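K.L.:
When you get a sec, could you give me coordinates for this:
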Amino acid sequence: MKFKNGILLMAITSVMALSCKDNKEQPGTEAQEEAVKEADHETYAELSVKTGGQWEGREYKGGRFENVQEVTLPEDHTDHSYYIRYEGPGWENSQVGYRLYLDWRNAIDIFGKKVDSLVLPYVGQDNFDSYHEEATWGQDILKAGKSLGIGGYGRYMNDTVAHFRNVQSTHAEVSNSSNSSSVDITYEGWQTGDKTIDLDAKLTIYPEGRYTRVELSPSEEIEGLTTGIVKFEDVPLMHKESEGGNWAYIATYGTQTLVNDEDKLGMAIFYKKDQLEQQIEGPDDHLLVFNPTSNKVTYYLLGAWEQEKGGITSEETFVANLDELLNDLDSNDNLQ
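P.N.:
Predicted structure coming up:
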């Protein structure tokens with residue numbers, strides 16, 4: 001469905017007015033409201049940083065959030081620096097939203113949405129973490145912890161995952177078009193063990209489907225490039241290969257959200273079989289470890305929350321949806 005300017009703004013204003021009342025969420029700044037007006041698209045990506053304050057050690061004090069097209073991380077930035085709204089870039093369509101922790105963790109989290117309008121410009125406007133609380137629009141639903149979340153990336157080595165603790169420079173940029181929205185991140189001088197490379201990552205969401213396409217491009221050959229799904233007790237891993245043998249997926253479905261002990265979530269990663277070295281169990285994740293390569297690695301991540309408007313509410317329906325997407329990948333080698 002098309003989100004036209006007036007209808008979109010009215011829908012989001014109405015939704016967030018209720019959310020503000022329930023959760024004391026602050027309304028968006030004029031810049032955010034203007035961003036929504038101009039986002040005459042079915043997808044949206046944004047990046048919002050603080051201006052007008054100052055750094056005090058590892059924390060940014062004072063100031064207000066302003067949307068920007070791109071940012072290079074300041075030297076003092078780390079987790080919980082209160083510098084980037086909801087800690088990194090976000091991207092969404094009518095069904096689901098995602099965010100990436102733009103710091104050493106580099107995990108991807110899920111914003112579960114109860115509405116089919118764009119909401120990210122209004123999330124986290126109270127300075128940090130109100131999005132962990134239930135709101136009319138939805139909430140942050142995934143506890144990533146020490147994991148990669150859903151489809152985050154790092155390097156598997158020494159029986160664990162090296163995230164992004166040692167990077168010379170990190171630059172992120174967002175873009176929105178009529179048929180997709182993307183987050184592009186360049187990591188310069190990413191050091192893991194005795195290896196230092198540059199890595200370009202592009203994450204793209206489309207109007208239809210809950211999935212995000214991820215493309216990782218290393219500057220030189222690297223072993224152990226990995227992605228994965230956070231592990232939860234009593235939630236088994238599912239796996240299936242396409243009939244043509246070119247694509248496969250790993251997936252989980254069950255009570256694995258922050259909402260309550262009954263709330264259901266499905267997560268999946270689709271990958272090219274010829275790019276995979278092994279599927280293994282890491283300390284915190286079900287991992288996909290890719291072949292040593294200097295070429296682009298492509299995969300799709302997906303989150304499906306049962307409280308999504310018109311969403312998937314059973315494991316059987318979730319698996320059927322995954323199988324349909326797997327068939328599309330087998331036939332077309334992409335989902336767009």
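K.L.:
got a list of what A107 touches?
P.N.:
For A107, the contacting residues are 100-101, 144, 147-149, 152, 163, by C-beta atoms under 8 Å, 6 or more residues apart in numbering. Where you see a C-beta, it was placed from the backbone N, CA and C, and this is true even at glycine.
K.L.:
and with 10 Å instead?
P.N.:
87-88, 99-101, 142, 144-154, 163, 228, 230, 284-285 (C-beta atoms under 10 Å, 6 or more residues apart in numbering).
K.L.:
Please pick the buried ones from those.
P.N.:
87-88, 99-101, 142, 144, 147-154, 163, 228, 230, 284-285 (16 or more other C-beta atoms under 10 Å).
K.L.:
T317 sits in which helix or strand?
P.N.:
helix 315-332 (DSSP states H and E).
K.L.:
buried stuff in that helix?
P.N.:
For helix 315-332, by 16+ other C-beta under 10 Å, it's 318-319, 321-322, 325-326, 328-330.
K.L.:
Output the contacting helices and strands for that helix.
P.N.:
strand 237-241, strand 247-254, strand 265-272, strand 297-305 (3 or more C-beta pairs under 10 Å, 6 or more residues apart in numbering; DSSP states H and E).
K.L.:
Distance from the chain centre to it, please.
P.N.:
21 Å (C-alpha atoms, centre = their mean, to the nearest Å).
K.L.:
go on, stretch 120-140?
P.N.:
Using C-alpha atoms, centre = their mean, the offset of stretch 120-140 from its chain centre is 15 Å.
K.L.:
From S94, how far off is I222?
P.N.:
36 Å (C-beta to C-beta, to the nearest Å).
K.L.:
how far off strand 247-254 does the helix holding T317 point, in degrees?
P.N.:
With axes from the mean of the first three to the mean of the last three C-alpha atoms, to 10 degrees defining the directions, helix 315-332 sits at 170 degrees from strand 247-254.
K.L.:
Report the mean per-residue pLDDT for helix 315-332.
P.N.:
Average pLDDT, helix 315-332: 97.
K.L.:
now stretch 289-301
P.N.:
Rounded mean pLDDT across stretch 289-301 is 98.
K.L.:
hey, C-alpha coordinates of that stretch in CSV?
P.N.:
Provided in CSV are the C-alpha atoms of stretch 289-301 (Å, rounded to 0.1, in the frame of the first residue of the first chain):
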residue,chain,number,x,y,z
VAL,A,289,30.3,-19.0,8.9
PHE,A,290,31.1,-18.1,5.4
ASN,A,291,33.9,-19.3,3.1
PRO,A,292,37.2,-17.4,3.1
THR,A,293,36.5,-14.7,0.5
SER,A,294,37.3,-11.2,-0.8
ASN,A,295,34.0,-11.2,-2.7
LYS,A,296,30.6,-9.9,-1.7
VAL,A,297,28.6,-12.1,0.7
THR,A,298,24.8,-11.8,0.4
TYR,A,299,22.1,-13.0,2.8
TYR,A,300,18.6,-12.0,4.0
LEU,A,301,17.5,-11.6,7.6
